[in-house]
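> The following comprises the amino acid sequence and a computationally predicted model.
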Amino acid sequence: MKDYNIFLDKLKETGNLRSLPEVVHEGKWIWKEMQKMLNLSSNDYLGLASRKELREEFLREMQENDWLFSSSSSRLLTGNFKVYTELEECLFERFGREAALLFNSGYHANTGILPALADKQTLILADKLVHASIIDGLLLSGTPYQRYRHNDNEHLTRLLAKYTHEYEQIIIVTESIFSMDGDIADLRQLVSLKRQYPNVWLYVDEAHAIGVRGNTGLGIAEEQDCIGDIDLLVGTFGKALASMGAYLLCSRTIREYLINTMRPLIFSTALPPAQIAWTRYIFEKLPEFTEERQRLATTSRLLSDALKGKGGEISSSHIIPFIIGESEDCVETSLRLQRKGFYCLPVRPPTVPKGTARIRFSLTANVTESEIKELINSID
């Protein structure tokens, strides 16, 4: 019988053993082992999850409606409540697209869309640093794929020229804000590349950008004015929107096709209607959070400027890497900062390449400039 302890011991020796933290949340603070720390590892980018007045307003609205706490079914059976359709309509109208489709999580979306749409006559060209959920989607699809060098559109151009006549369809896959480096894809250039070939589609995951970027919070695609040019525009509600689930903006044809072929959609119990209603409530308010977006941009620039030469120069967003190198050193740095009152976590291989273990600062709008300056002093 396989001895799994051998594997766990090796992880411990290299500083890569993970465990679930026992923490208590208090707004932007984390309590761990009787110590209060500023939470710098949250995906609650706009600080909405802890906003009591939002919850109270929603709960008053909820009392007037019949939103259940379980759908008790997949949407294709008895779980397609009216609030799902209402949220999808709200999404495609706001984005100016033909159709939208909801999923239980970003992982469900990324592991289900590509396997449903791709076949042996499809080539997927994915950025080298796309999220693990997209990589799993590539593997599940069983279709040919290649990884182009990170944000290297010249390399992508050569691959398109080489393979466009060999495949019926090519899908370019990228994130808009990359989850570990915090840098940004040039979506307009990717759109321009796509337009040169009639058989090329563009798939963009806006998980870390929706809510945070763009004049009304619709992401990098809004910021770069190319929402309507992206064939498959994916985002999540579990980060800046303080909820859970994910969405796809696409054509009506693709929506209908996925409803008939996408296994994570067909064979999963749908999210609770009450959860969908909360998501709709927050999404409808996105344009109102301009001040939060501006405050987050200000503190992000402050920290990234301070970490230039240490990883901060890579980032163009609220996700800012502090690259340390070896896993054990990274863990020790994380613990040292925690002792100083900053809850920040190490990111180690295989999540990032060997030798690039880092503290991944994930800022939220309720973190102040003075708190960021205290962090900078603690790092120095």
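Ah, there it is.
> Leu102 and Gly309: what is the separation?
43 Å (C-beta to C-beta, to the nearest Å). Glycine gets a C-beta too; all of them are placed from N, C-alpha and C.
> The two: which has the busier surroundings?
Leu102 (22 against 8; other C-beta atoms under 10 Å).
> From Ala246, how far off is the more buried one?
7 Å.
> Please apply the same query to Glu291.
In terms of C-beta to C-beta, Glu291 sits 26 Å off from Ala246.
> what bridges to Ile359?
Taking DSSP bridges as the rule, Ile359 bridges to Phe322, Pro346.
> ok, how many other residues are close to it?
Neighbour count of Ile359, defined by other C-beta under 10 Å: 25.
> Same check on the one 3 residues further on?
Counted by other C-beta under 10 Å, the residues lying close to Ser362 total 21.
> Numbering from 34 from now on, please.
Sure, I'll start numbering at 34, so the last one becomes Ser395.
> Comparing Glu324 and Ala279, which residue is more hemmed in?
Legend: neighbour count by other C-beta under 10 Å for Glu324 and Ala279, higher for Ala279 (26 against 10).
> correct me, but the more buried one touches Leu266?
No: the criterion here is C-beta atoms under 8 Å, and Ala279 misses it with Leu266 at 11.3 Å.
> Tell me how confident the model is about stretch 283-299, as a mean pLDDT.
Averaged across stretch 283-299, the pLDDT comes to 97.
> Can you give the distance of it from its chain's centre?
Between the centre of stretch 283-299 and the centre of its chain there are 21 Å (C-alpha atoms, centre = their mean, to the nearest Å).
> what does stretch 115-130 give?
On C-alpha atoms, centre = their mean, the centre of stretch 115-130 falls 20 Å from the chain's centre.
> Could you do stretch 304-315 as well?
Distance of stretch 304-315 from its chain centroid, counting by C-alpha atoms, centre = their mean, is 19 Å.
> Which residues does that stretch contact?
Contact with stretch 304-315 is made by 81, 87, 91, 94-95, 98, 100-104, 114, 116-117, 119-120, 123, 135, 137, 270, 274-278, as judged by C-beta atoms under 8 Å, 6 or more residues apart in numbering.
> Buried members of these into PyMOL, please.
With 16 or more other C-beta atoms under 10 Å as the criterion, this PyMOL line picks the buried residues out of the contacts of stretch 304-315:
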select buried, resi 81+87+91+100+104+114+116+117+120+135+137+270+274+275+276+277+278
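> Tell me where the stretch 134-283 of the chain has helices.
Taking DSSP state H, counting those that start in this stretch to define them, one finds helices in the stretch 134-283 of the chain at 139-150, 165-174, 186-196, 220-228, 253-256.
> What residues of the fourth one count as buried?
This points to helix 220-228. Quick answer for helix 220-228 (16+ other C-beta under 10 Å): Leu220, Leu223, Val224, Leu226, Lys227.
> One more: the second one?
For helix 165-174, the buried set under the neighbour-count rule, 16+ other C-beta under 10 Å, comprises Ser166, Ile167, Ile168, Gly170, Leu171, Leu173, Ser174.
> which of these lies closest to Thr384?
Nearest to Thr384 among the buried residues of helix 165-174, counting by C-beta to C-beta, is Ile168 at 11.5 Å.
> one step back: please identify which of the buried residues of helix 165-174 is nearest to Leu370.
Once C-beta to C-beta is applied, the member of the buried residues of helix 165-174 that ends up nearest Leu370 is Ser166, at 28.2 Å.
> picking that back up, so which of the helices of the stretch 134-283 of the chain comes closest to Ser284?
helix 139-150 (11.6 Å).
> Against which helices or strands is the closest one packed?
Where contact means 3 or more C-beta pairs under 8 Å, 6 or more residues apart in numbering; DSSP states H and E, helix 139-150 is packed against helix 165-174, strand 202-208, strand 233-238, strand 265-269, strand 279-283, helix 285-294, helix 296-299.
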